[in-house]
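Asker: have a look; sequence and predicted model below, questions after that.
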Amino acid sequence: MPEGDSVYRAAARLHDTLAGQLLTSADLRVPAHATADLSGRRVLEVAPRGKHLLTRLEGGLTLHTHLRMDGRWEVYRPGERWAGGPAWQIRAVLGTDRGTAVGYRLPVVELLRTADEQRAVGHLGPDLLGPDWDPAEAVRRLLSHPARPLAEALLDQRNLAGIGNVYANELCYLAGVTPWTEVGELPRPDRLVDRARHLLDANKLRSGHITTGDTRRGHQHWVYGRAGRPCARCGTLVLTARQGTPPQDRVAYWCPYCQRGPAPAGATLRPSRGGGGRPPGR
């Protein structure tokens, strides 16, 4: 599932192409809205809300889409060949004189009144990249279930909107705790929330979800995607396990030296050679 910064960039691309333009073509290829006629309406804006995209149209309508795991929007110049996938994967087409936005494999395509947007996104917590960002409210929501594993709580969009599995793992590392550490055990949840905001804001205009400050390939993350490789700080091999409850489980990554706290039964926690670096976030 895309992180909030990826959705922010997608919204910016769509906004640049569509905002202020009249729709010369509009095709929603989902049964609920297959007969909707949006041609001739002006696009007011495309706004991200956590991991949701809201394309607002004149006349009080909003096209609500969500990418989840496999969906994406591609933008094409007039006359350019659509090369984002086969036609049967297309779920939405929004065309203007400036260009055409094509949504592939979108699992959520919903046309609703703009006044009813809260029905689609009202459950979300403070948006890490949105104008409603409220760090105190984000901390309050995280701590409302103090026994919940930290990674699960970070992935719950009702707490704070925009964190995916990359940032959930990296934030646990930066806090110096394992993904299974209870939220209530965090010494400074406010610092964790501030880091989350900083990371997404730093990456919202670039790809890669860089958390280390190093843009070189293979050096962009502390632990995410690095199972079996040495921790960049201490040299201990990074471990991996499943996190959460199926079917919503995710892969968790952690360094057993730099991160204190519980881990799945049977996990090998003995540090390998090379240990000795100062754990982060302590």
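Answerer: Looks like it arrived, so ask away.
Asker: could you use CA atoms for every contact and neighbour count after this?
Answerer: Will do.
Asker: what does L200 show for phi and psi?
Answerer: Note on L200: its backbone torsions stand at phi -70, psi -40 [degrees, to the nearest 10].
Asker: oh sorry, the question was meant for R9
Answerer: Dihedral pair for R9: phi -70, psi -40, per degrees, to the nearest 10.
Asker: ok, it - contacts?
Answerer: By C-alpha atoms under 8 Å, 6 or more residues apart in numbering, R9 lies in contact with 204-206.
Asker: got the buried residues for the helix or strand hosting L142?
Answerer: In the assignment (DSSP states H and E), L142 maps to helix 135-143. Neighbour counts over helix 135-143 (16 or more other C-alpha atoms under 10 Å) mark 135, 138-139, 141-143 as buried.
Asker: same check, this time on stretch 66-81
Answerer: Going by neighbour count (16+ other C-alpha under 10 Å), the buried part of stretch 66-81 is 66-68, 71-76.
Asker: list of residues touching the helix holding L142?
Answerer: Contacting residues not belonging to helix 135-143 are listed as 125-126, 153-154, 158-160, 183-184, 189-190, 193-194 [C-alpha under 8 Å, 6+ apart].
Asker: circling back to that earlier point, which of the buried residues of helix 135-143 sit farthest apart?
Answerer: For the buried residues of helix 135-143, the farthest-apart pair by C-alpha to C-alpha is P135 and L143; their separation is 12.3 Å.
Asker: quick one: the strands in the stretch 101-250 of the chain, in order.
Answerer: 108-113, 239-243, 250-254 (DSSP state E, counting those that start in this stretch).
Asker: what packs against the longest one?
Answerer: By that I understand strand 108-113. Counting contacts by 3 or more C-alpha pairs under 8 Å, 6 or more residues apart in numbering; DSSP states H and E, strand 108-113 packs against strand 61-66.
Asker: report the rounded mean pLDDT for whatever helix or strand comes next after the strand it packs on.
Answerer: Per DSSP H and E, the first helix or strand lying C-terminal to strand 61-66 is strand 72-76. Averaged across strand 72-76, pLDDT comes to 96.
Asker: note down every partner strand of strand 72-76 and its orientation.
Answerer: strand 100-104 (antiparallel) (DSSP bridges).
Asker: can you tell me what sits against the partner strand?
Answerer: Residues contacting strand 100-104 (C-alpha under 8 Å, 6+ apart): 14, 17-18, 71-78, 84-85, 89-95.
Asker: likewise for stretch 201-211?
Answerer: Defining contact as C-alpha under 8 Å, 6+ apart, one finds that stretch 201-211 is touched by 5-6, 8-9, 128-129, 166-167, 170, 199-200, 220-222.
Asker: quick check: which ranges of this structure have low pLDDT?
Answerer: 1, 245-248, 266-282 (pLDDT under 70).
Asker: I'd say S25 and L94 touch.
Answerer: Yes: with contact defined as C-alpha atoms under 8 Å, S25 and L94 form a contacting pair (5.9 Å).
Asker: tell me which of the two has more neighbours.
Answerer: A count of neighbours by other C-alpha atoms under 10 Å puts L94 above the other of S25 and L94, at 23 against 16.
Asker: and which of the buried residues of stretch 66-81 is nearest to A241?
Answerer: R68 (21.8 Å).
Asker: wait, the closest one touches R105, no?
Answerer: No: contact criterion C-alpha under 8 Å: R68 and R105 do not qualify, at 9.5 Å.
Asker: from the contacts of helix 135-143, list the buried ones, please.
Answerer: For the contacts of helix 135-143, buried by 16+ other C-alpha under 10 Å: 125-126, 153-154, 158-160, 183-184, 189-190, 193.
Asker: tell me the two of those residues that are most distant?
Answerer: Farthest-apart pair in the buried ones among the contacts of helix 135-143 is P126 and G184; separation 19.7 Å (C-alpha to C-alpha).
Asker: where do the helices of the stretch 151-282 of the chain begin and end?
Answerer: 165-175, 189-203 (DSSP state H, counting those that start in this stretch).
Asker: tell me the angle the first one makes with helix 189-203.
Answerer: In this structure, helix 165-175 runs at an angle of 130 degrees to helix 189-203, with axes from the mean of the first three to the mean of the last three C-alpha atoms, to 10 degrees as the basis.
Asker: taking strand 250-254 as reference, get the angle to helix 165-175.
Answerer: 30 degrees.
Asker: what do you get for the longest one?
Answerer: If you take the same axes, to 10 degrees, helix 189-203 sits at 110 degrees to strand 250-254.
Asker: can you list the domains in this structure?
Answerer: Per the record, the chain has its domains at 4-121, 135-254, by automatic domain parsing.
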